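S.K.: Have a look at this prediction, sequence included:
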Amino acid sequence: MHELKHLVNQLLSKPSSQKNEEPADFNIEGNDNSDGNELGAIFYSGQYHGQNGYRWMPQQKSVTQLLELNSDKVSKILAALGNKQRLDILTAVMRKPLTGPEVVEQLNMGTTGQLYHHTKALLGADLIVQEERGGKYSLSPHRSLPFLLLLAASSDLLDTTDYMELAEARNNVGSYLGSSQSYDPHHLLSAVIENTLLEHQAGYCTEVTLILQNDNSITIADNGRGIPVHALPNSNKTNVQAILTEISHDHLSASILAPDGTKGIHLPVVNALSDRLIVEIRREGKVRRQEFKHGIPQTELLVTGVTKETGTTITFKPDQDIFRASFNQTTISNHLAALKEIYPNLKLEILQ
């Protein structure tokens, strides 16, 4: 663990590094600021190979024009499409035209009455068409491109749903930490340690080191396999980020239940309730690092070095607006002593 301890010291002393990107310099012929596009423009085109395939010529909308859209009408559009069942209907009939019973069966809607409630609104808004009474539904051809553009834009905003859940966790702390007005930060520590215990039980972790920092942050380092770092299928999000931010996917990490708590505390909750969390992963010959604040990524997963070791190091500082108490070395030592009796082959130590 000597290299591990050296890397921990580097991790704590290294300033936050965030990927800097220079703004793109688009030099489009004949497009200067004299045409009112001083804020820029959005260019789009595309093709669709489904039923009655289409190809759209390149189009342009100025940013100013988009920002000046009627907000009342835009909000009505988003509200109409924000209904999950309506969105499912639109995506289903865009893949191929479907009859009402086929939509009900495919989407497990239960009753045709529920379907017709939504199709009536979608037909009235000219978002879908029906061949004839009782015939198949399909997406209105001239709505195909706008609908696909909306989905494309939404795909770049999907991570915001995770951050909404993290914010909700911060607003409902008692669900995780109990009804006490003096929340105990040791519950967060126990949740992180629980994940190292799972790695030990799987036969990959033999050492866990805890380091108490002067600023009331704490580091938990193990010599397990290291959290997987690859990107998830059909996503730019890494496995690491998913494990640390997706509260609804509580199966991604181990959890503990605090006294009087009604929801388990797992790694995304630890992240959400921390003013700062840094994860460092030693895996596949590289050291990678990512930083979070209140659960929201502040950097990408960055390669910061090379190593022959494996393992995961998490350093977090509980949010002082939530936790009035500090970590107590005696409390932690007693907890580790109890764990040593249960896991005699696991080396547990605390440094300060």
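M.R.: Okay, I see it. Residues are numbered from 1 along each chain as shown.
S.K.: C-alpha only now, for contacts and for neighbours.
M.R.: Fine.
S.K.: How about the backbone phi and psi for K293?
M.R.: phi -140, psi 120 (degrees, to the nearest 10).
S.K.: Run through the bridge partners of it.
M.R.: I296 (DSSP bridges).
S.K.: From what I see, it and S274 are in contact.
M.R.: Yes: counting by CA atoms under 8 Å, S274 is a contact partner of K293 at 6.9 Å.
S.K.: Of these two, give the one with the bigger neighbour count.
M.R.: Between K293 and S274, counted using other CA atoms under 10 Å, the more crowded position is S274 (26 against 19).
S.K.: Specify the beta-bridge partners of the more buried one.
M.R.: Beta-bridge partners, per DSSP bridges, of S274: P318.
S.K.: Can you say which helix or strand has the residue nearest to L277 when sequence neighbours are not counted in it?
M.R.: Nearest non-adjacent residue to L277, counting by CA to CA, 6 or more residues apart in numbering: F316, 4.2 Å away. Counting by DSSP states H and E, the element that carries F316 is strand 311-318.
S.K.: what residues does the next helix-or-strand element following that strand touch?
M.R.: Downstream of strand 311-318, the first helix or strand assigned by DSSP H and E is helix 329-342. Residues from elsewhere that reach helix 329-342, judged by CA atoms under 8 Å, 6 or more residues apart in numbering: 186, 212, 346-350.
S.K.: what's the domain layout of this structure?
M.R.: Domains of the chain are assigned by automatic domain parsing as 64-157, 183-351.
S.K.: any low-confidence regions in the stretch 1-150 of the chain?
M.R.: For the stretch 1-150 of the chain, the stretches with pLDDT under 70 are 1-37, 51-52.
S.K.: which residues in it form strands?
M.R.: Along the stretch 1-150 of the chain, the segments classed as strands by DSSP state E, counting those that start in this stretch run 41-48, 54-62, 128-130, 137-139.
S.K.: which one of these is the most hemmed in?
M.R.: Among those, ranked by average contacts under mean count of other CA atoms under 10 Å, first place goes to strand 137-139 (a mean of 25).
S.K.: just the helices in the chain please.
M.R.: Using DSSP state H, the helices of the chain run over residues 2-13, 63-67, 71-81, 84-95, 100-107, 112-124, 144-155, 159-171, 173-177, 186-201, 239-245, 267-272, 329-342.
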